[in-house]
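Novice: After the sequence you'll find the predicted model.
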Amino acid sequence: MGKSLRKSKDASRSISTGESISGHSAAARDSKSSEEALARGLRNGRHVLLTASFASVITFLVYLSSLRNGFIREWDDKTYVYNNPYIRSFDWDLIRWAFSEFYQANWHPLTWISHALDYAIWGLNPVGHHLTNNIIHAANTFLVVLVVARLIEAARRPS
């Protein structure tokens, strides 16, 4: 009879204080599990950043040989770079033009701003233009890996 009375008292104390029969509170268990989840998340976050960095470096290396190439005048380099008077100066007129006008049947202001910045730094040296493109491709690869990791994480989360 003494044992069952002790169990009953333990159970009622557990209900009133939030402690389990083993003496640990539910809050402590929740805190520990949330700390473990946070640690797992940080490890996963580091893995995602490492994977994104690795993919970005690989992308940069794959396109590295493009630095030896010149412009392709038969394609759009002739009109986008060589014969584009708007990219010759990097100023507010360029920004206004890039965001308000179509050129060569396209409206893509970031492309025009990128070409103008390349022209301001490198002139008509194709190495600089290709280097900028390689950096942009590598950065986009990094971002895509981060987005895909978030999408996978969201898909795995219970709804």
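Specialist: Perfect, thanks for sending it. Numbering: from 1, shown residues only.

Novice: Show the pLDDT at residue 31.
Specialist: pLDDT for residue 31: 56.

Novice: Next: residue 83.
Specialist: Listed pLDDT for residue 83 reads 87.

Novice: for this protein, which residue is closest to the average position?
Specialist: Nearest to the geometric centre of the chain sits residue 143, at 2.8 Å (Cα atoms, centre = their mean).

Novice: And the strand or helix carrying that one, what does it pack against?
Specialist: Per DSSP states H and E: residue 143 is located in helix 126-156. Packing partners of helix 126-156 (3 or more Cβ pairs under 8 Å, 6 or more residues apart in numbering; DSSP states H and E): helix 26-63, helix 109-122. From N, CA and C alone the C-beta is placed, and that goes for glycine too.

Novice: hmm, back to that, give me the distance between the residue nearest to the centre of the chain and residue 111.
Specialist: Residue 143 sits 18 Å away from residue 111, going by Cβ to Cβ, to the nearest Å.

Novice: Contact partners for the residue nearest to the centre of the chain?
Specialist: Going by Cβ atoms under 8 Å, 6 or more residues apart in numbering, residue 143 touches residue 52.

Novice: so what's residue 141 closest to, chain neighbours aside?
Specialist: The shortest distance from residue 141 to any non-neighbouring residue, by Cβ to Cβ, 6 or more residues apart in numbering, is to residue 59 (4.2 Å).

Novice: contacting residues for that neighbour?
Specialist: Residue 59 makes contact with 137, 138, 141, according to Cβ under 8 Å, 6+ apart.

Novice: Okay, buried residues for stretch 74-90 please.
Specialist: For stretch 74-90, the neighbour count (16 or more other Cβ atoms under 10 Å) marks 77, 80, 81, 84, 87 as buried.

Novice: ugh, wrong one, stretch 104-113
Specialist: Within stretch 104-113, the residues scored as buried using 16+ other Cβ under 10 Å are 109, 112, 113.

Novice: how far away is residue 90 from residue 135?
Specialist: Using Cβ to Cβ, residue 90 is found at 18 Å from residue 135.

Novice: quick one on the thing from earlier: could you single out the nearest of the contacts of residue 59 to residue 96?
Specialist: When the contacts of residue 59 are compared for distance to residue 96 (Cβ to Cβ), residue 137 wins out at 28.1 Å.
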